[in-house]
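> Take a look and give me a structure for this.
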Amino acid sequence: QIYLYDKRAEVLKEAKKRLKRSGIQNAQILDSKKLKKKGLVGLMDWILLDVPCSGTGTLRRNPDMKWKISEESVERLINEQRKIFDKVLKFLHPNGKIAYATCSVLPEENEKQISYFIKNYGLKLTKPPFLTLPKPGKMDGFFCAVLSK
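Coordinates of the predicted model:
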């Protein structure tokens, strides 16, 4: 069973269209009320956290974005990423895995966050994180690390 949750209704609406288009029938879209009612604490085998980030991995495609990134905005995002991680970790099964992903290339949002999660939650990396850097005509910058209890 696949559960999708996002606090942004428009994202979930788009996800519903994509799920239908791809023929996925075992997915449920949850809002915060349904998420609490479902009784899913400690039951999820996998959690994918695609957290809000600075988007620095997409600067190649969005060069004007560099004017919107500041030390304060990155600090705010780091705190938000930690809050999200903290809120969802309770849903992870004791033998489950949590994938933390960003489209950022900043160590503060990636490697340093993973170190924070390992130190503060007693988690471990299942393998080295995946990181790409943006290249002309290629893919964007992307980071993903898989952690387990």
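> right, and Pro134 touches Leu59 too?
Yes - counting by C-beta atoms under 8 Å, Pro134 touches Leu59, with 6.6 Å between them. No exception for glycine: its C-beta is placed from N, CA and C like everyone else's.
> Report the set of residues contacting both of these two.
Residues within reach of Pro134 and of Leu59 at once, by C-beta atoms under 8 Å, 6 or more residues apart in numbering, are Gly141.
> mind listing the strands for the chain?
2-5, 27-30, 44-50, 92-102, 124-125, 130-132, 142-148 (DSSP state E).
> Kindly reformat those strands as a markdown table containing mean pLDDT, mean neighbour count and distance to Lys17.
Listed next are those as a markdown table, based on pLDDT from 0 to 100; neighbours: other C-beta atoms under 10 Å; distance: least, C-beta to C-beta, whole Å:
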| stretch | mean pLDDT | mean neighbour count | distance to Lys17 |
| --- | --- | --- | --- |
| strand 2-5 | 90 | 16 | 12 |
| strand 27-30 | 89 | 15 | 11 |
| strand 44-50 | 95 | 15 | 17 |
| strand 92-102 | 97 | 18 | 21 |
| strand 124-125 | 97 | 12 | 34 |
| strand 130-132 | 96 | 15 | 27 |
| strand 142-148 | 98 | 20 | 23 |
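> Format those strands as a markdown table; extra columns: distance to Arg21.
A markdown table is the format used below for the strands of the chain (distance: least, C-beta to C-beta, whole Å):
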| stretch | distance to Arg21 |
| --- | --- |
| strand 2-5 | 14 |
| strand 27-30 | 12 |
| strand 44-50 | 19 |
| strand 92-102 | 22 |
| strand 124-125 | 34 |
| strand 130-132 | 26 |
| strand 142-148 | 23 |
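> From the chain's centroid, how far away is the helix or strand of the chain with the lowest mean pLDDT?
Lowest by mean pLDDT, DSSP states H and E among the helices and strands of the chain is helix 32-37, with a mean of 74. Helix 32-37 sits 19 Å away from the centroid of its parent chain (C-alpha atoms, centre = their mean, to the nearest Å).
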